[in-house]
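# let's see this in three dimensions:
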Amino acid sequence: MSPTFTVTYLVADPASGTAAVIDPVLDFDPASARIGSGSVEAVLSAAEARGWRIEVVLETHAHADHLSGAKLIAARTGAWIGIGAQITQVQATFAPMFGADDVLPAAGDFDRLLYDGELIALGALAIEVLHTPGHTPACASYRIGDAVFVGDTLFMPDYGTARADFPGGDAHALYRSIRRLLSLPPETRLFLCHDYKAPGRDHWAWETTVAEQRGANIHVHDGIDEAAFVAARQARDATLAPPRLLLPSIQVNIRAGRLPPADAHGVRALRLPLRAGDEVAATLLS
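Got it, this is the predicted structure:
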């Protein structure tokens, strides 16, 4: 789970051995700019040990806290990569920031753009796509039977909900997406993309239920209306620092995990757009 506190899921239809990976991680050390495949290799090894064939890689959104391992898994297995169709909005927002003119919209970097209510076959299983925006415009949750993989929309009840202050984020939309998820049967299992261990808890946790969330989520339990949630969410978001890997992650993840193209010297580089206060800008940026 550490250092990005991310949970990657390997889901399979045991009868056919067909498998999907949800939210894979490409290891990245920002101090050395070194990329590693250890987390991807662990998933591939787990599938191989069980005799499962990975045919699908699903992203719940363009993550801001880790680089996606989707392209590496696809290259190794032939799997296709899917994400919520509204990723094009995220690409349009961030590609200019990073000079990412090579970003391929629609069925380019991502093999399939997924729409609300769409069903994806996984052997004898069906994966239902649920559009759950708010954290980002493109957030999708994936429902398989009594299990839903909710990405960053919800955390464990003692930690609350996703932030909604990124470009395109919307606390109102987040509340409605959460209430949609919490309208599912109480026993529905919810699998989370992250856990940050709330104060007082000494163990990692990434599975909860609709009933537990409705009864105990500190931000959005039953009885919290939209106005109260939005006010509290926006107040908390105003205190949060950017994720540690925000800038590296976004420019890789809007490419579905593909690295930026090499320059004329053969160097692949991630860009760090600079911000400067007025006095600094007048001196250094003139």
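
# looks to me like Val21 is in a strand.
Yes - Val21 sits within a strand when classified using DSSP: H, G, I helix; E, B strand; the rest coil.

# now for it, how many residues are close by?
A count of neighbours around Val21, defined by other C-beta atoms under 10 Å, yields 28. All C-beta spots, glycine's among them, are computed from the backbone N, C-alpha and C.

# if we ignore the residues flanking it in sequence, what's nearest it?
The spatially closest residue to Val21, leaving aside those adjacent along the chain, is Val57, at 5.0 Å (C-beta to C-beta, 6 or more residues apart in numbering).

# didn't that neighbour look like it was pressed against Ala79?
Yes - using C-beta atoms under 8 Å, Val57 is in contact with Ala79, at 5.0 Å.

# so, low pLDDT: which residues of the stretch 151-286 of the chain?
197-198, 276-286 (pLDDT under 70).

# just to revisit the earlier point, so Val57 and Ala79 - more neighbours on which side?
Between Val57 and Ala79, counting by other C-beta under 10 Å, Val57 is the more crowded of the two (28 against 20).

# residues in contact with the residue lying closest to Ala211 once chain neighbours are set aside?
Of all residues not flanking Ala211 in the chain, Pro186 sits nearest, at 3.8 Å (C-beta to C-beta, 6+ apart). Contact analysis of Pro186 by C-beta atoms under 8 Å, 6 or more residues apart in numbering lists Thr209, Val210, Ala211, Arg214.

# so Ala235, which of the three states?
helix.

# and the gap between it and Pro185?
32 Å (C-beta to C-beta, to the nearest Å).

# do the same with Tyr9
21 Å.

# the two: which has the busier surroundings?
Applying other C-beta under 10 Å to Tyr9 and Pro185 shows that Tyr9 carries more neighbours, namely 19 against 9.

# nearest residue to the more buried one other than its sequence neighbours?
Counting by C-beta to C-beta, 6+ apart, Tyr9 lies nearest to Ile22, which is 4.2 Å off, once chain neighbours are set aside.

# how about the contacts made by that neighbour?
Thr8, Tyr9, Val11, Val57, Leu58, Glu59, Thr60, Tyr142, Phe149.

# of these, which belong to strands?
Tyr9, Val11, Val57, Leu58, Tyr142, Phe149 (DSSP state E).

# redo these as CSV? Include pLDDT and distance to Gln251.
Shown next, in CSV, are the ones in strands among the contacts of Ile22 (pLDDT from 0 to 100; distance: C-beta to C-beta, whole Å):
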residue, pLDDT, distance to Gln251
Tyr9, 97, 24
Val11, 97, 28
Val57, 98, 19
Leu58, 98, 21
Tyr142, 98, 25
Phe149, 98, 25
